[in-house]
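A.B. asks: how would this look folded up:
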Amino acid sequence: MNRHSIESKGKIMDRFLLRALKVFKTVGGFLPTLCVLLAPVFTVTGVQGAEIIGKSAARVETVQGSLEGVWVDGSEVYRGIPYAKPPVEDFRWQPPQPVAAWSGVRPAKTFGPACPQPERFNYMIPSNQAPSEDCLTINVSAPAGAKDQPVWVMIHGGGFASGSGEYLLGLGPLLNAEGIVFVSFNYRLSTLGFFAHPELAGELGVNFGLMDMWAALEWVRENIAAFGGDPDRITVSGISAGGMAVDMLMVTPESAKLIAGAISQSGYGTWFRQPRTRKVTPLDGAPSAEAMASELAGEVTGKPPEEVTKADLYAVPAEHWAEAVRGFHVPIVDGLSLPEESAILFARGMQHPVPFMSGGTSFDGSVLGISGVDAETLVEITNDQEDRLKVLWAADFRVNEAQGFSRFFGDARYVYAALNLTQAMQTVKRPGYLYYFDYVLPEKRSQVPGAEHGSAGEIMWTQMDLPVAQAMRGYWIDFVKTGNPNGGGRAVWPPAAGFDEPQWIVFGEEVDQRGGLMSEKMQFIDELWQKRTEPLRFSSNNP
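C.D. replies: Alright, predicted model coming up:
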């Protein structure tokens, strides 16, 4: 790994990071926990500051037409490229449609708008332009003169309710210096992206945001060679909702030939409360996707839920749908676009046979307060074993109830998911690399009881001189290049499975390998998951 190339670019980012953190403090006390959903936070502004005014990047010939980008800090950057038709009017709540070809040279110098999201999250759109339903665009940052380079596609987080690919592109020049072509994109969010209202046909499924991801990856495979990327070496990654997106892409047939590796950071492919449609077999505790959609439609339209028509749904402006979502939004098991919960398909050996990395943080539950999940739901998840829950997480409950439930939420939703999925990779004879992030910056150690949700990504890409961050960047970059995180003299990172106990790499003050981390807690959560999913782990989900 070319350490000096990344370190020098890190200095460019420092002043912009400080400015962004000042903005952070003005928005509200909950925001430090939310920033994790947007991991390489704020870096895009710094990189745009290094844009060479008046100098265009080389023209690129895509299947759809010619593009002209910009030079940014030594990289060729192309922004706001449409990868599908705008999902507006009759195309709302429909699979993405192929974008029409254009003649002449299309400028690719400015970002497209973010997809509709609650106005309170607009501060996370660096260019400050208003969100729009016309939002299905993709961004590429490539080393000058690249050819056959590995490709890193990063999927933004934001609880499937907010975020955009714009802020992620700031990582492009940093990774281009390592010989990697970097890609980010937008996808439909909240009820415009994941919505199972009975009045909508949904012949191909109801996860329209997931379908957008397929379309974006199809575009990458079809066009990335023109930017110097290797279409056979595409790694997808994401944090939080982005990690959940990766978990889903690992099991959907449509993405089978589109990815060569996957990194899910604080994903939640085992979540106990993922909505399901009536087209699939019910599971205990899983909400009805149709009932949730009907209730929300009634609130938004002001009509009794049973009286809402298809015309009513389409008459509601996009921004009203975006504002209607409370807490995080969750993709839907519909038997079509998402055949089944990711972890169930992993257990069946139906995941794609590509190298997989996943992990969580020691206080991933820091986002409980904005998640839409309450303590009562968490107790229900334990099958009312509240006493056992409070014994296993006694150290946190002794501090207070909020910390106890938050820690359990993080361990059950995020950390356990990583353990479950990485171990299941042995069913397809591919490695699953498991990590646990437990580093907290010294100035925050008196404020938080562990590494907050998503802080692994934040620290990895903003603390350029921190040894743990340097090690993580090395592991991640080598994984993208080779499918194996090992190398560079770092601690050996074995696959999670194949030993007497699961193997973890722990990122704390030091980087070390451990077996059987939090074994009692993980066993408790695993027992709950095994019991809940037993009817479907080895059988079809058709009712």
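
A.B. asks: just the helices in the stretch 301-450 of the chain please.
C.D. replies: Assigned helices in the stretch 301-450 of the chain, in chain order: 310-315, 318-324, 342-347, 368-371, 375-381, 386-392, 394-399, 401-410, 416-424 (criterion: DSSP state H, counting those that start in this stretch).

A.B. asks: any chance of these in TSV, plus mean neighbour count?
C.D. replies: For the C-beta atoms, the positions are set from N, CA and C on the backbone; glycine is no exception. Formatted as TSV, those follow (neighbours: other Cβ atoms under 10 Å):
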stretch	mean neighbour count
helix 310-315	14
helix 318-324	18
helix 342-347	26
helix 368-371	19
helix 375-381	17
helix 386-392	15
helix 394-399	14
helix 401-410	22
helix 416-424	26
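
A.B. asks: could you dump these to JSON lines with distance to Cys135?
C.D. replies: Shown next, in JSON lines, are the helices of the stretch 301-450 of the chain (distance: least, Cβ to Cβ, whole Å):
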{"stretch": "helix 310-315", "distance to Cys135": "17"}
{"stretch": "helix 318-324", "distance to Cys135": "9"}
{"stretch": "helix 342-347", "distance to Cys135": "25"}
{"stretch": "helix 368-371", "distance to Cys135": "23"}
{"stretch": "helix 375-381", "distance to Cys135": "32"}
{"stretch": "helix 386-392", "distance to Cys135": "41"}
{"stretch": "helix 394-399", "distance to Cys135": "40"}
{"stretch": "helix 401-410", "distance to Cys135": "30"}
{"stretch": "helix 416-424", "distance to Cys135": "28"}
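
A.B. asks: quick check: which of these is nearest to Ile180?
C.D. replies: Distance to Ile180, taken as Cβ to Cβ, is lowest for helix 416-424 among these, at 23.0 Å.

A.B. asks: so the spatially most central residue of the chain, which state does it fall into?
C.D. replies: Nearest to the geometric centre of the chain sits Gly242, at 0.5 Å (Cα atoms, centre = their mean). Assigned with DSSP: H, G, I helix; E, B strand; the rest coil, Gly242 falls in the helix class.

A.B. asks: thinking again about what came up before, ok, which of the helices of the stretch 301-450 of the chain comes nearest Ile224?
C.D. replies: helix 342-347 (25.4 Å).

A.B. asks: now do that closest one: everything it contacts.
C.D. replies: The contact list for helix 342-347 (Cβ atoms under 8 Å, 6 or more residues apart in numbering) reads 247-248, 250-251, 269-270, 339, 351, 417, 420-421, 424-425, 427, 529, 533, 536-538, 541.

A.B. asks: list only those of these flagged as buried.
C.D. replies: Taking 16 or more other Cβ atoms under 10 Å as the criterion, what is buried in the contacts of helix 342-347 is 247-248, 250-251, 269-270, 339, 351, 417, 420-421, 424-425, 427, 529, 533, 536-537, 541.

A.B. asks: tally of neighbours for Gln447?
C.D. replies: Number of residues near Gln447 (other Cβ atoms under 10 Å) recorded here: 10.

A.B. asks: let me see the ranges of the strands in the stretch 151-300 of the chain.
C.D. replies: In the stretch 151-300 of the chain, the strands defined using DSSP state E, counting those that start in this stretch lie at 181-185, 229-239, 261-265.

A.B. asks: nearest to Ile370, of those strands?
C.D. replies: strand 229-239 (15.5 Å).

A.B. asks: helices or strands up against the closest one?
C.D. replies: Contact here means 3 or more Cβ pairs under 8 Å, 6 or more residues apart in numbering; DSSP states H and E; on that basis strand 229-239 packs against strand 149-155, helix 208-223, helix 241-249, strand 261-265, helix 467-482.

A.B. asks: circling back to that earlier point, in TSV: the strands of the stretch 151-300 of the chain, plus mean neighbour count and distance to Gln463.
C.D. replies: Converted to TSV, the strands of the stretch 151-300 of the chain look like this (neighbours: other Cβ atoms under 10 Å; distance: least, Cβ to Cβ, whole Å):
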stretch	mean neighbour count	distance to Gln463
strand 181-185	29	20
strand 229-239	23	16
strand 261-265	28	16
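
A.B. asks: a markdown table please, covering these and showing mean pLDDT and distance to Met292.
C.D. replies: Formatted as a markdown table, the strands of the stretch 151-300 of the chain follow (pLDDT from 0 to 100; distance: least, Cβ to Cβ, whole Å):
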| stretch | mean pLDDT | distance to Met292 |
| --- | --- | --- |
| strand 181-185 | 98 | 27 |
| strand 229-239 | 98 | 24 |
| strand 261-265 | 98 | 25 |
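
A.B. asks: out of these, which gets nearest to Gly432?
C.D. replies: strand 261-265 (9.9 Å).

A.B. asks: with just CA atoms, put that closest one into PDB.
C.D. replies: Coordinates of each C-alpha in strand 261-265 appear next as PDB, following Å, rounded to 0.1, in the frame of the first residue of the first chain:
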ATOM      1  CA  GLY A 261     -16.200  -9.400  -3.500                       C
ATOM      2  CA  ALA A 262     -18.300  -7.700  -0.800                       C
ATOM      3  CA  ILE A 263     -17.700  -5.800   2.400                       C
ATOM      4  CA  SER A 264     -20.600  -5.300   4.800                       C
ATOM      5  CA  GLN A 265     -19.900  -2.900   7.700                       C
END
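
A.B. asks: list of residues touching that strand?
C.D. replies: Residues from elsewhere that reach strand 261-265 (Cβ under 8 Å, 6+ apart): 39, 234-240, 242-244, 246-247, 249-250, 352, 354-360, 417-418, 421, 454, 456-457, 476, 479-480, 483.

A.B. asks: stretch 499-506 now?
C.D. replies: 359, 419, 422-423, 433-436, 438, 475, 491, 493-497, 511-517, 519, 522.

A.B. asks: and it, what's its mean pLDDT?
C.D. replies: Per-residue pLDDT over stretch 499-506 has a mean of 96.

A.B. asks: how far does that stretch sit from the chain's center?
C.D. replies: Remark: stretch 499-506 is offset 24 Å from the chain centroid, using Cα atoms, centre = their mean, to the nearest Å.

A.B. asks: Leu419 is in contact with Gly432, isn't it?
C.D. replies: No - counting by Cβ atoms under 8 Å, Leu419 does not reach Gly432; the two are 9.5 Å apart.
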